[in-house]
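Turn this into a structure:
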Amino acid sequence: MKIIEKGGVTSPKGFLAAGVHAGLKRQKKDMALIVSAASAVSAGTFTTNKVKAAPVLWDMETLKGETHKAIVVNSGNANACTAEQGLKDAGESAAYAADLLGLTQKEVFVASTGVIGVPLDMDKIKHGISMLVPCLSSDGHSAAEAIMTTDTFPKEAAASVEINGKTVTIGGMSKGSGMIHPNMATTLSFITTDAAVSKKDLQALLGTTVDDTYNMVSVDGDTSTNDTVLVLANGMAGNDVLTPGTEEWSLFEEAFRYVLGTLARYLARDGEGATRFIEMDVENALTKKDAKILARSVVSSSLVKAAFFGADANWGRILCAMGYSGADFDPSLVDLSFTSPAGTIQVVKNGEPLPFDEEEAKKILSEKEITAIADCHQGIFSAQAWGCDLTYDYVKINGDYRS
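Presented below is the predicted three-dimensional model:
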């Protein structure tokens, strides 16, 4: 696998993108467009929140089609809790883009992020689409910027693999900083690939990969009304259609998982107000399911997050979060340690506290990136989850979000 530095949604063959300022936000770019030169099979996963935004409902229905070519995204307005008008506006956005691109309405996905409960300004949406179409290019960075809300940096990743003499590439971009919790899909994320793959197999791969990546991230315990991950695969790499269970599939899956995993970790690094990135590693659990539940419970705990903000080695909060997670494990067998670029310190062995140097622990936990490791000593299964600390700035950011 080759990691493509500064790559993104336009790294695969046949994809163009653009981002512009249409006036939905005061100054920053707020609309993006991704277009495939060839018809693409698609896959998608969406929020499990019962309150689903209009673009989510539109995309869930649109996904039933065989092929698609474009995705229109706006930030600054979620088009959520906007009743029938919201659905009408989502469909009108798709139709307007389709008309300018020479497509059918059902070939166009739409996505929105921002303030809930406010109808879209369709004059600005249409103006934005009109600007986006002539700006389409092979540089997707402006599109990644345009989907940001409280994000502090655009999130992009890409990788390629050689399959039977053909270069197959996967690229992607995401947004997400707050309202992020492991309950599918945690973000707006758009993945592109020039691989030839069936719609059924692509959907299955997306489902399992999302469960191991985006669903292992928690910033604040809130699951958005708009969470969406969409994938377009246009087959322009020229490879034979990939088949699960083959060596070629394994190569493709490795790169696919790299892109989604990288974007998921970016979400945790950019948590609203965050000062520290937290990785929770659970090792030697009884089952994969138990390992994932344990890891997610720890990174979702407000008390654990607050302890990391204070660089406090309050390991009891980690064991507590594991204990109420619902996973099957024996607390009397658990080893717990912290590691960072400043070193490693073990604080629990066989469920019992170890004496440790508080100053050394403080130094280790004061780094920007910290890993907590829980060894359950019961099985062979492991899992990782990602999160961030809980800071004063998180409250400030969300206290005046609408203003």
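
Show me where the chain dips below the pLDDT cut-off.
Applying pLDDT under 70 to the chain flags the ranges 177-186, 219-224, 271-273, 392-403.

Residue most distant from the centroid, it?
residue 355 (38.5 Å; Cα atoms, centre = their mean).

what does stretch 49-59 contact?
44, 46-47, 60, 78-82, 86-87, 89-91, 94, 109-112, 116, 183, 223-228, 230 (Cβ atoms under 8 Å, 6 or more residues apart in numbering). C-betas here are computed from N, CA, C, even on glycine.

Can you show me the CA trace of the longest strand along the chain as PDB?
Scanning the chain for the strand with the most residues, using DSSP state E, yields strand 31-46. Extracted in PDB, the C-alpha atoms of strand 31-46 (Å, rounded to 0.1, in the frame of the first residue of the first chain):
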ATOM      1  CA  MET A  31     -20.500  24.400  -0.200                       C
ATOM      2  CA  ALA A  32     -18.800  21.500  -1.900                       C
ATOM      3  CA  LEU A  33     -19.300  19.300  -4.900                       C
ATOM      4  CA  ILE A  34     -17.800  16.000  -5.800                       C
ATOM      5  CA  VAL A  35     -18.300  14.600  -9.300                       C
ATOM      6  CA  SER A  36     -17.300  11.300 -11.000                       C
ATOM      7  CA  ALA A  37     -16.600  11.300 -14.700                       C
ATOM      8  CA  ALA A  38     -18.100   7.800 -15.000                       C
ATOM      9  CA  SER A  39     -21.100   6.300 -13.400                       C
ATOM     10  CA  ALA A  40     -20.200   4.900 -10.000                       C
ATOM     11  CA  VAL A  41     -21.700   2.200  -7.800                       C
ATOM     12  CA  SER A  42     -22.300   3.500  -4.300                       C
ATOM     13  CA  ALA A  43     -22.500   2.500  -0.700                       C
ATOM     14  CA  GLY A  44     -23.700   4.400   2.400                       C
ATOM     15  CA  THR A  45     -24.200   4.300   6.100                       C
ATOM     16  CA  PHE A  46     -26.300   6.800   8.100                       C
END
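
related to what we said a few turns ago, got a quick PyMOL command for the buried subset of the contacts of stretch 49-59?
One line in PyMOL is enough to select the buried ones among the contacts of stretch 49-59; burial here means 16 or more other Cβ atoms under 10 Å:
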select buried, resi 44+46+47+78+79+80+82+86+87+89+90+91+94+109+110+111+112+116+183+223+224+225+226+227+228+230
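
Sort out for me which of the contacts of stretch 49-59 are in helices.
Under the assignment DSSP state H, the contacts of stretch 49-59 contribute 60, 86-87, 89-91, 94 to helices.

now the helices: where do they sit in the stretch 101-250 of the chain?
Along the stretch 101-250 of the chain, counting by DSSP state H, counting those that start in this stretch, helices occupy 122-135, 141-146, 199-212, 247-269.

Buried deepest among these, which one?
Mean neighbour count (mean count of other Cβ atoms under 10 Å) peaks for helix 141-146 among the helices of the stretch 101-250 of the chain, with a mean of 24.

Quick one: residues in contact with it.
With Cβ under 8 Å, 6+ apart, helix 141-146 has contacts from 6, 8-9, 17-21, 28-34, 73, 75, 135, 154-156, 173, 175.

If we use 10 Å, what do you get?
Here helix 141-146 makes contact (Cβ atoms under 10 Å, 6 or more residues apart in numbering) with 6, 8-10, 16-22, 24-25, 28-34, 71, 73-76, 128, 132, 135-137, 151, 153-156, 172-175, 190.

so of those residues, which ones are in strands?
Residues of the contacts of helix 141-146 located in strands (DSSP E): 16-20, 31-34, 71, 73-76, 155-156, 172-175, 190.

Go ahead and build a ChimeraX selection from the buried members of these.
In ChimeraX syntax, the buried subset of the ones in strands among the contacts of helix 141-146 is picked out as below (16+ other Cβ under 10 Å):
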select :16,17,18,19,20,31,32,33,34,71,73,74,75,76,155,156,172,173,174,175,190
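
How is residue 292 assigned, secondary-structure-wise?
Using DSSP: H, G, I helix; E, B strand; the rest coil, the structure places residue 292 in helix.

Surely it touches residue 212?
Yes: assessed by Cβ atoms under 10 Å, residue 292 is found in contact with residue 212 at 8.0 Å.

and for the two, which residues touch both?
Shared contacts of residue 292 and residue 212, defined by Cβ under 10 Å, 6+ apart, are found at 383-384.

who does the longest strand of the chain pair up with?
Sheet partners assigned to strand 31-46 using DSSP bridges are listed as strand 15-20 (antiparallel), strand 68-77 (antiparallel), strand 228-233 (antiparallel).

That strand vs helix 199-212, what angle?
90 degrees (axes from the mean of the first three to the mean of the last three Cα atoms, to 10 degrees).

Strand 31-46 to helix 122-135, inter-axis angle?
Going by the same axes, to 10 degrees, strand 31-46 makes 100 degrees with helix 122-135.

let's have the chain start at 773 instead
Sure, I'll start counting at 773 from here, so that last one is strand 803-818.

ok now strand 803-818, how far from the chain's centre?
16 Å (Cα atoms, centre = their mean, to the nearest Å).

Also stretch 1050-1061?
Offset of stretch 1050-1061 from its chain centre (Cα atoms, centre = their mean): 20 Å.

Please, where are all the strands along the stretch 1023-1172 of the chain?
1049-1057, 1107-1112, 1115-1121, 1124-1125, 1141-1147, 1153-1160 (DSSP state E, counting those that start in this stretch).

got TSV for those strands, with mean neighbour count too?
Formatted as TSV, these follow (neighbours: other Cβ atoms under 10 Å):
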stretch	mean neighbour count
strand 1049-1057	22
strand 1107-1112	20
strand 1115-1121	16
strand 1124-1125	11
strand 1141-1147	20
strand 1153-1160	24
